[in-house]
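# okay, here's the prediction I keep looking at, along with the sequence it came from:
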Amino acid sequence: MHYDILSTPIGPLLLAGDANGLVRIDFPEHGAAASPAPGWVHDPACFADAREQLLDYFDGRRFAFDLPLQLRGTPFQLQVWNALLTIACGDTCSYGDLASRLGRPSASRAVGAANGANPIPIIVPCHRVIGSRGELTGFGGGLPLKRWLLDHERRYAPPPPLHLR
């Protein structure tokens, strides 16, 4: 596994993956970059595209990503993570809404668990899922970071298209 550390407005992110794609992004821990696992190789060149796209995102110039990803999870987790990719930048949905989109309206807790297991946050936007009453709920990077990401996206995301009747 290869890794790099990317300085961002939310702190240093640990990027991990290989020539086949990004495998994980770890948020900072107490303001410092998460530690790579023993044996991982520091290889910034492996992450050139990810670095560029993430920096564009944080600069408000990118609203979707085009990167090879290696999502590893159960079939249900993969289904949830793919559904997360359909939530537009600047938009949110509830766990129940996402469960309904998957054709399993009673599976909101399972959706929440899959959401929490997302290994590639920001790019697979698990932060865009909120509680049914609009409240912020659990997030691996902490609720202040979730708030920051949502506020950032609302500030820069293009407005939705108008549908005139």
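That came through fine. Numbers count the residues shown, from 1 in each chain.
# convert the C-alpha atoms of stretch 9-20 to CSV, please.
In CSV, the C-alpha atoms belonging to stretch 9-20 read as follows (Å, rounded to 0.1, in the frame of the first residue of the first chain):
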residue,chain,number,x,y,z
PRO,A,9,-8.2,23.5,5.4
ILE,A,10,-9.6,20.7,7.6
GLY,A,11,-6.2,19.4,8.5
PRO,A,12,-3.8,16.8,7.0
LEU,A,13,-5.6,13.9,5.3
LEU,A,14,-3.9,10.5,5.0
LEU,A,15,-4.5,9.1,1.5
ALA,A,16,-3.9,5.4,0.9
GLY,A,17,-4.1,3.3,-2.2
ASP,A,18,-2.1,1.9,-5.1
ALA,A,19,-1.8,2.1,-8.8
ASN,A,20,-5.4,0.7,-9.1
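# contact partners of it?
Counting by Cβ atoms under 8 Å, 6 or more residues apart in numbering, stretch 9-20 makes contact with 1-6, 22-28, 31-36, 40, 46-47, 50-51, 54, 58, 68, 70, 122, 141, 145, 148-149, all of which sit outside it. Placement of C-beta: from N, CA and C, glycine included.
# among the residues you listed, which ones are buried?
Among those, the ones that count as buried by 16 or more other Cβ atoms under 10 Å are 2-6, 22-28, 33-34, 36, 46-47, 50-51, 54, 58, 122, 141, 145, 149.
# returning to what we had before: narrow the contacts of stretch 9-20 to those in helices?
50-51, 54, 58, 145, 148-149 (DSSP state H).
# how about those residues in TSV, adding pLDDT and distance to residue 105?
Formatted as TSV, the entries for the ones in helices among the contacts of stretch 9-20 read as follows, by pLDDT from 0 to 100; distance: Cβ to Cβ, whole Å:
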residue	pLDDT	distance to residue 105
50	97	35
51	97	39
54	98	34
58	97	35
145	94	29
148	96	31
149	97	27
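# cool, thanks, talk later.
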